[in-house]
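Student: predicted coordinates and the sequence they were generated for:
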Amino acid sequence: LPTDSAALKNILLKFKSSLSNTTALSNWDGKSPPCNKENITTLNWKGIFCSNGYIRGIHLPNMGLTGTVDLSLLVDLKEDLRNLNFADNSFQGPLPDLNIFGALKSAFLSNNQFSGTIPDDAFKGMGSLKKLHLSNNTFTGPIPKSLTNLANLIELKLQDNKFEGQIPYFQDPKLQVFNVSNNNLVGTIPPSLGKMDPSFFTGNKGLTQSSQATPTPADSGSNTRSPESESNTKNPESESKGTSRLTIVLAAVGSLLGLAIIVAVPFILCRKQQRKASLSIETPLPSNLQKKTGIKETDRSLKSLSEGSVGPGGSTRGKKAAESTKLSFVRDDRELFDLQDLLKASAEILGSGCFGSSYKAALPSGHMMVVKRFKQMNNVGREEFQEHMKRIGRLRHPNLLPLVSYYYRKEEKLLISDFVDRGSLAVHLHGYQAIQLPSLQWATRLKVIKGVAKGLGYLYKELPSLIAPHGHMKSSNVLLNEAYEPFLTDYGLTPVINQESAQDLMVAYKSPEFLQQGRITKKTDIWGLGILILEILTGKFPANFLQQGKQKTDVDLANWVNSVVESGDNISQVFDKDMGGTNNSQGEMMKLLNIALACCEAEVEKRLDMKEAVEKIEELKERDGEDDFYSSCASEADIKSSRGKSDDFAFT
Ligand SMILES: Nc1ncnc2c1ncn2[C@@H]1O[C@H](COP(=O)(O)OP(=O)(O)OP(=O)(O)O)[C@@H](O)[C@H]1O
């Protein structure tokens, strides 16, 4: 249903009037349209998330809402809606008719007062559903059987209810979270769920650990499966099913491992472990940035200065103090907002890097920003810091993520930039299975490298006084937008990062010249570019980045590739098998590998310089692998449409 239609307004207003205590929805007034057709993402009406003019999410958590939820009033959105979040309110009545919305991916209804038995077929036809949270309500009766047929379900939270009977049979579940703790369940825990965290089953007096036997599909027909029926199932067929289950478990473990690498690398690399990374775009946003970070809106001492200073010099001090509690914008072409807007915004932790954590936060306009917190940025004083940020703010290039604003306090710096839809290249290279995406294809990888090289070339031109104009070239600092266009981030920061931290943590200081001679040079970022290209071509994470400080290491991606080249073995073994590519593209892949190795030359004098590297990369032919290029675009576009555009949001 196109969102500019008056009909849509009416639908939402009718839905609002069916709820009680709706003060939080005061801007659902029918004056403005709920979505703007031309905008990719909008949040005109509180909690209504739109994409390209269609409503994708209704996100009303913790809004003090009461009454019952009549989803039949939203039936005209049945094709469009992907996410519903009614958690943390005081809704009553039976479970709303979720299965009206066949394309729904997540439904969060936890922490309400929903009650009653859920019909067995309540989730019939909801094959897209990935996450269902019904915890902390007072649902009774058996766990509905239709849940067992949801092929994409990965998270099921039913804890703290009054569910009764046995746990139904989940065939080959993809489930990663299955929490039924604190209910009235009886019987045994099915072996197919045996790998779950044991705490997910506690608080059910009649529930016991199962024997090792695998249940047969026949069990799935019954919600009152007897424990005996679980034994005596060992036959070749069930063994092969067991094997396929094992394969799935192994695949899941593999995916999780991939994800764990992405998440763990910064932890291992950095001294100060921050909080656990969350890559899920559908994680609920339970709290705002201030609560998540503990960042103070104002520094109390500064505030009192700004409010209370009188007399000679007092007003200047006061003014300075007030200024120091504000965000500083480095561009004049952007929407202005306050630190307060950010601190109040629902926030999601994106990950914890070397220098602190990054958070995604929605501005009141709905625009998504990323706030990166730096704690080791005191290499220069306030004025020099501000000058440097202004310099970074003047940079403009299609492959650089622009700095939008910053916040300066002696003990805390925040850098604020736009959220980039597809997250980091690192995730797409090493954790793509965990986020259920296909591996990046050759044409996309080449496009990413070309963009990265252009961005780096620009930095070299615009920041000639910096020895390493980027300084921290790595795949988690390359972000990808919807079209897989790369954006470099965390560039130009070497002058402001504390020396010791920089040497311990930044990629430039992992280079051969720093490890061997204690120096970085104008070619150090080229080495970083070379390692990044090797990472992209081989799909292997550069393990030498895991070394902390000035330690020499043999575990180096470039050394490994060089050793294969020198051994005369088949060089094709170094390329990532998941990269695809036609015969036509192999020549270009080889050329790129050679460019990467020339960028990684340990002897700085022999290494390519920036200009040479960029020129050589630009010469690589995309059209050589034309079939491959278009098929890879098509497959990624397919995935995009099958995921639904709403996935770009963090409203669930
Ligand atoms: N602007 C952004 N848009 C989307 N995702 C981002 C953005 N900035 C950071 N991220 C994500 O957040 C994760 C954490 O980023 P962060 O910059 O804090 O750490 P890092 O890049 O892993 O390490 P380092 O601190 O060394 O740069 C990144 O892997 C990336 O996926």
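Tutor: Nice, I can see it.
Student: surely Met369 is within a helix?
Tutor: No. In this structure, Met369 is strand, not part of a helix, as judged by DSSP: H, G, I helix; E, B strand; the rest coil.
Student: for it, give its distance to Leu13.
Tutor: For Met369, the distance to Leu13 (C-beta to C-beta, to the nearest Å) stands at 30 Å. Just so you know, the C-beta spots here come from the backbone N, C-alpha and C atoms, and that holds for glycine as well.
Student: between these two, which has more neighbouring residues?
Tutor: Met369 (22 against 17; other C-beta atoms under 10 Å).
Student: can you list the weak-confidence ranges in the protein?
Tutor: Scanning the chain for pLDDT under 70 picks out 1-5, 36-44, 51-52, 172-173, 210-287, 292, 294-325, 544-555, 582-583, 623-652.
Student: count the residues that sit near the residue in the chain that the ligand sits nearest to.
Tutor: The ligand sits closest to Gly353 of the chain, with a gap of 2.1 Å, by C-beta to the nearest ligand atom. By the criterion of other C-beta under 10 Å, Gly353 has 24 neighbours.
Student: quick check: it touching Thr489?
Tutor: No. Taking contacts as C-beta atoms under 8 Å, Gly353 lies outside contact range of Thr489: 10.4 Å.
Student: run through the bridge partners of His59.
Tutor: Assessed by DSSP bridges, His59 has beta-bridge partners Asn85.
Student: was I right about it contacting Cys50?
Tutor: No. Contact between His59 and Cys50 fails when scored by C-beta under 8 Å: they sit 11.4 Å apart.
Student: what residues are up against Val565?
Tutor: Ile571, Leu597 (C-beta atoms under 8 Å, 6 or more residues apart in numbering).
Student: what sits against Arg373?
Tutor: Applying C-beta under 8 Å, 6+ apart, the residues near Arg373 are Thr293, Ile295, Phe355, Gly356, Ser357, Ser358, Tyr359, Glu412, Lys413, Leu414.
Student: can we see that at 6 Å?
Tutor: Gly356, Ser357, Leu414 (C-beta atoms under 6 Å, 6 or more residues apart in numbering).
Student: just Leu98 next, same as before
Tutor: Ala107.
Student: again, but for the one 5 residues further on
Tutor: By C-beta under 6 Å, 6+ apart, the contact set of Ala103 is Ser128.
Student: what about Ser417, which helix or strand?
Tutor: strand 412-418 (DSSP states H and E).
Student: now for the helix or strand following that strand, which elements pack on it?
Tutor: Downstream of strand 412-418, the next assigned helix or strand under DSSP H and E is helix 425-430. Applying 3 or more C-beta pairs under 6 Å, 6 or more residues apart in numbering; DSSP states H and E, one finds that helix 425-430 contacts helix 236-269.
Student: contacts for stretch 511-518 next, please.
Tutor: Against stretch 511-518 from outside (C-beta under 6 Å, 6+ apart): Arg519, Ile520, Thr521, Thr524, Trp527, Lys552, Ala602, Val604.
Student: now for those: which two are most distant?
Tutor: Thr521 and Lys552 (17.8 Å; C-beta to C-beta).
Student: the more surrounded of those two?
Tutor: Neighbours were counted for Thr521 and for Lys552 using other C-beta under 10 Å; Thr521 has more, 18 against 10.
Student: wasn't that one part of a helix?
Tutor: No. With three-state DSSP as the criterion, Thr521 is located in coil rather than a helix.
Student: surely it and Val604 touch.
Tutor: Yes. Between Thr521 and Val604 there is a contact at 5.3 Å, judged by C-beta atoms under 6 Å.
Student: re earlier: tell me the buried residues in the strand holding Ser417?
Tutor: Along strand 412-418, these residues count as buried under the neighbour rule (16 or more other C-beta atoms under 10 Å): Glu412, Lys413, Leu414, Leu415, Ile416, Ser417, Asp418.
Student: is any part of that strand close to the ligand?
Tutor: Yes. Counting by C-beta under 6 Å from any ligand atom, the ligand has neighbours in strand 412-418: Ser417.
Student: and that strand, what does it pack onto?
Tutor: If you count contacts as 3+ C-beta pairs under 6 Å, 6+ apart, strand 412-418 packs onto strand 368-374, strand 403-409.
Student: roughly how far is the next helix or strand after the first one from the heart of the chain?
Tutor: Read it as strand 368-374. Sequence order places helix 382-393 as the next helix or strand after strand 368-374, per DSSP H and E. Chain-centre distance of helix 382-393: 29 Å, with C-alpha atoms, centre = their mean, to the nearest Å.
Student: dump the C-alpha coordinates for helix 382-393 into PDB.
Tutor: C-alpha atoms of helix 382-393 as PDB (Å, rounded to 0.1, in the frame of the first residue of the first chain):
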ATOM      1  CA  ARG A 382      41.900  21.000  22.600                       C
ATOM      2  CA  GLU A 383      42.700  23.600  20.000                       C
ATOM      3  CA  GLU A 384      44.900  21.400  17.900                       C
ATOM      4  CA  PHE A 385      42.300  18.600  18.200                       C
ATOM      5  CA  GLN A 386      39.600  21.000  16.900                       C
ATOM      6  CA  GLU A 387      41.800  22.100  14.000                       C
ATOM      7  CA  HIS A 388      42.500  18.600  13.000                       C
ATOM      8  CA  MET A 389      38.800  17.600  13.100                       C
ATOM      9  CA  LYS A 390      38.000  20.700  10.900                       C
ATOM     10  CA  ARG A 391      40.600  19.500   8.500                       C
ATOM     11  CA  ILE A 392      39.100  16.000   8.400                       C
ATOM     12  CA  GLY A 393      35.600  17.600   8.100                       C
END
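Student: on contacts alone, who are the packing partners of that helix?
Tutor: Packing partners of helix 382-393 (3+ C-beta pairs under 6 Å, 6+ apart): strand 403-409.
Student: pull up the pairing partners for the strand it packs on, direction included.
Tutor: Short version: by DSSP bridges, strand 403-409 pairs with strand 327-329 (antiparallel), strand 412-418 (antiparallel).
Student: restrict that strand to CA atoms and write it as PDB.
Tutor: Presented in PDB, the C-alpha positions along strand 403-409 are these (Å, rounded to 0.1, in the frame of the first residue of the first chain):
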ATOM      1  CA  LEU A 403      32.900  13.000   9.700                       C
ATOM      2  CA  VAL A 404      29.700  14.900  10.600                       C
ATOM      3  CA  SER A 405      30.400  16.200  14.100                       C
ATOM      4  CA  TYR A 406      32.500  15.500  17.200                       C
ATOM      5  CA  TYR A 407      32.300  15.900  20.900                       C
ATOM      6  CA  TYR A 408      35.400  17.000  22.900                       C
ATOM      7  CA  ARG A 409      36.000  16.500  26.500                       C
END
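Student: which parts of that strand are buried?
Tutor: Leu403, Val404, Ser405, Tyr406, Tyr407, Tyr408.
Student: re earlier: ok, so of the contacts of Arg373, who is nearest Gln340?
Tutor: Distance ranking of these against Gln340, using C-beta to C-beta, places Leu414 first at 13.0 Å.
Student: run through the residues that contact the closest one.
Tutor: By C-beta under 6 Å, 6+ apart, the neighbours of Leu414 are Val371, Arg373, Tyr407.
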